[in-house]
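K.L.:
fold the following, please.
(one chain, ligands or ions: 1)
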Amino acid sequence: MPEKTLTITDNRTGQTYTVPIEDGTIRAMDLRQIKTGPEDFGLMTYDPAFMNTASCRSSITYIDGDRGILRYRGYPIEVLAERCTFLEVAYLLLFGELPTATELKHWVHDITHHTMLHEATKKFMEGFRYDSHPMGMFVSTVAALSSVYPEARDVHDPKNRMHQIVRLIGKVPSIAALSYRHNVGFPYVYPDNDLSYTENFMNMLWKMVEPKYVANPVLSRALDILFILHADHEQNCGTNAMRSVGSAQTDPYLSTASAASALAGPLHGGANEEVLKMLDEIGSKDHVPAYIKRVKDGQVKLMGFGHRIYKNYDPRAKIIKWSSEQVFQVTGRNPKLDIALELERIALEDDYFVKRKLYPNVDFYSGIMYQAMGFPPEMFTVLFAIARTAGWLAQWQELVTDPEQKIARPRQIYTGYNEREFVPMEKRAAASVPAR
Ligand code: SDX
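P.N.:
Alright, predicted model coming up:
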């Protein structure tokens, strides 16, 4: 068996170097020995957007983008979506194993008894305009919990970490529901501990004057499945933010708020809201060919399509498509589905998309389902964030306990000026910045 090494010849000096290959990678730091002389800093790698850079070792989620495979802790997403509840999967992500019946009972009890928010949180909410985007309210309020639980700063105490993790998983639906109720101008609804995680979320969103909220079981199950599908996705943009901020030993509330901020971007978790806007803009199946032309002309992106890792159909999109049929049997079919299906049909036959391996991703169908369930588009990314909080925290826990990790601090290729003389005010000319 040939040695697992890479031999590099630096043609500038004729020197050769041999570096070990481990897990399909070479260590970037092994390149620093490649110098043109003692003054040379040594070689670095340059990888904008980390297209080909592993930032960590992780055993949480495995994705095979070419084969459309997604597994949490080795279990295929299809099986987890069919057989588990979201809290069961959150336990799996955090502890590495599916819980026994007793472990799950205690886990559900702990999460359920941490859904209440400090009453001061309602004052944070009152500070937002009624029409504030709920994602802004969600991020700000999650960050504000850092001030409610200052002990969370002790990130090295395992018991304290788990206490904050349970608080965050318990409270993110309450914060999301508070944001929604603030938007619609309805009084806040307190958690109901008799209900499951998703039933209670629906209770806090939609309970009106009835003495006890009763969730439609098809819709609460659909929400459970959606939360399972969105729970983790290895080193995506939001998780990278969680790990980068968490690497400074920042508390989990501020780290989660940072991750949620990244998720809010339209290229990331904000895409589900953008898909609905796109479908509204298209308006009908007949207008799909014209929109596809605009995409191919580079004028617009086909939101909900494409993925950095999946070069095949996103397995989550398939499950959402299936689950939406169950929801539509309760809510009535969302007519936007017909536009989405036509978009997909045309795109999957068109060379522009086939050549670029662009397929529907998790965001393409989720919004249509959320809207049918009664969520406004601006709530879609908040729903994504509720579920992904479990994944972010599992990744954060892995980071904090990884002896190889330290504060994240990338290098750069400097392209600015060399040292230059200071220019006193009287000698500065207008528009003195030369075109470069
Ligand atoms: C999520 O990373 C994760 O795991 C994310 C996520 C998770 O669970 O955390 O899966 C959740 O964020 C899903 C992605 C949601 N975003 C969208 O649906 C927005 C639309 N998609 C694109 O912006 C894009 O596909 C990305 C951002 C998802 C991926 O971008 P990449 O990997 O940087 O790819 P790229 O932009 O370099 O595109 C490669 C080519 C380009 O064409 P050329 O320059 O080669 O001619 O494909 C084109 C792009 O223009 N392209 C698209 C397109 N996506 C890529 N063209 C039209 N419509 C699109 N949606």
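K.L.:
going by C-alpha atoms from here, please, whenever you check contacts or count neighbours.
P.N.:
Fine.
K.L.:
what residues sit buried inside stretch 365-374?
P.N.:
Of all the residues in stretch 365-374, those buried under the rule 16 or more other Cα atoms under 10 Å are 365, 366, 367, 368, 369, 370, 371, 372, 373.
K.L.:
do the same with stretch 274-286
P.N.:
Quick answer for stretch 274-286 (16+ other Cα under 10 Å): 274, 275, 276, 278, 279, 282, 285.
K.L.:
for the second one, give me its contacts.
P.N.:
The neighbours of residue 275, taking Cα atoms under 8 Å, 6 or more residues apart in numbering as the test, are 303, 304, 363, 364, 367.
K.L.:
next SSE downstream of the lengthiest helix in the chain?
P.N.:
Longest helix in the chain, counting residues (DSSP state H): helix 158-184. Moving toward the C-terminus from helix 158-184, the next helix or strand (DSSP states H and E) is helix 197-206.
K.L.:
who's in contact with that following helix?
P.N.:
Applying Cα under 8 Å, 6+ apart, the contact partners of helix 197-206 are 87, 112, 173-174, 177-178, 180-181, 188-193, 213-215, 220-221, 223-224.
K.L.:
ChimeraX command to pick out the buried ones of the residues you listed?
P.N.:
Buried subset of these, written as a ChimeraX selection, criterion 16+ other Cα under 10 Å:
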select :87,112,173,174,177,178,180,181,188,189,190,191,192,193,213,215,220,221,223,224
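K.L.:
residues of the stretch 201-350 of the chain that sit close to the ligand?
P.N.:
Residues of the stretch 201-350 of the chain lying close to the ligand (Cα under 6 Å from any ligand atom) are 233, 236-237, 267-269, 271, 295, 301-308.
K.L.:
quick one: which of these is most hemmed in?
P.N.:
Counting neighbours by other Cα atoms under 10 Å, residue 304 leads those with 30 neighbours.
K.L.:
that one against residue 368, yeah?
P.N.:
No: Residue 304 is beyond contact range of residue 368, at 11.3 Å (criterion: Cα atoms under 8 Å).
K.L.:
which elements pack onto the longest helix of the chain?
P.N.:
helix 101-112, helix 120-126, helix 134-148, helix 197-206, helix 252-263, helix 380-400 (3 or more Cα pairs under 8 Å, 6 or more residues apart in numbering; DSSP states H and E).
K.L.:
give the buried residues for the last one.
P.N.:
By 16+ other Cα under 10 Å, the buried positions in helix 380-400 come out as 380-400.
K.L.:
near the ligand, anything from that helix?
P.N.:
No: Helix 380-400 is not in contact with the ligand by Cα under 6 Å from any ligand atom; minimum separation 8.2 Å.
K.L.:
what's the span of stretch 121-131, first residue to last?
P.N.:
Chord length of stretch 121-131, first to last residue, is 18 Å (Cα to Cα, to the nearest Å).
K.L.:
distance from it to the middle of the chain?
P.N.:
Distance, stretch centre to chain centre, for stretch 121-131: 25 Å (Cα atoms, centre = their mean, to the nearest Å).
K.L.:
pull the residues that contact that stretch.
P.N.:
For stretch 121-131, contacts defined as Cα under 8 Å, 6+ apart pick out 137, 141, 178, 179, 182, 183, 184, 185.
K.L.:
closest to the ligand among those?
P.N.:
residue 137 (20.4 Å; Cα to the nearest ligand atom).
K.L.:
contacts only, for the residue nearest to residue 259 when sequence neighbours are not counted.
P.N.:
Spatially, and ignoring its direct neighbours in sequence, residue 259 is nearest to residue 238 (4.4 Å; Cα to Cα, 6 or more residues apart in numbering). By Cα under 8 Å, 6+ apart, the residues touching residue 238 are 258, 259, 260, 261, 262, 263, 392.
K.L.:
tell me which element residue 238 falls in.
P.N.:
Residue 238 belongs to helix 237-246, assigned by DSSP H and E.
K.L.:
export only the CA atoms of that helix, formatted as PDB.
P.N.:
Output of helix 237-246 as PDB, limited to C-alpha atoms (Å, rounded to 0.1, in the frame of the first residue of the first chain):
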ATOM      1  CA  CYS A 237     -22.700  29.000   6.900                       C
ATOM      2  CA  GLY A 238     -24.700  29.400  10.100                       C
ATOM      3  CA  THR A 239     -22.800  26.500  11.800                       C
ATOM      4  CA  ASN A 240     -19.500  28.000  10.700                       C
ATOM      5  CA  ALA A 241     -20.600  31.300  12.400                       C
ATOM      6  CA  MET A 242     -21.500  29.300  15.600                       C
ATOM      7  CA  ARG A 243     -18.100  27.600  15.600                       C
ATOM      8  CA  SER A 244     -16.200  30.800  14.800                       C
ATOM      9  CA  VAL A 245     -17.900  32.900  17.500                       C
ATOM     10  CA  GLY A 246     -17.900  30.000  19.900                       C
END
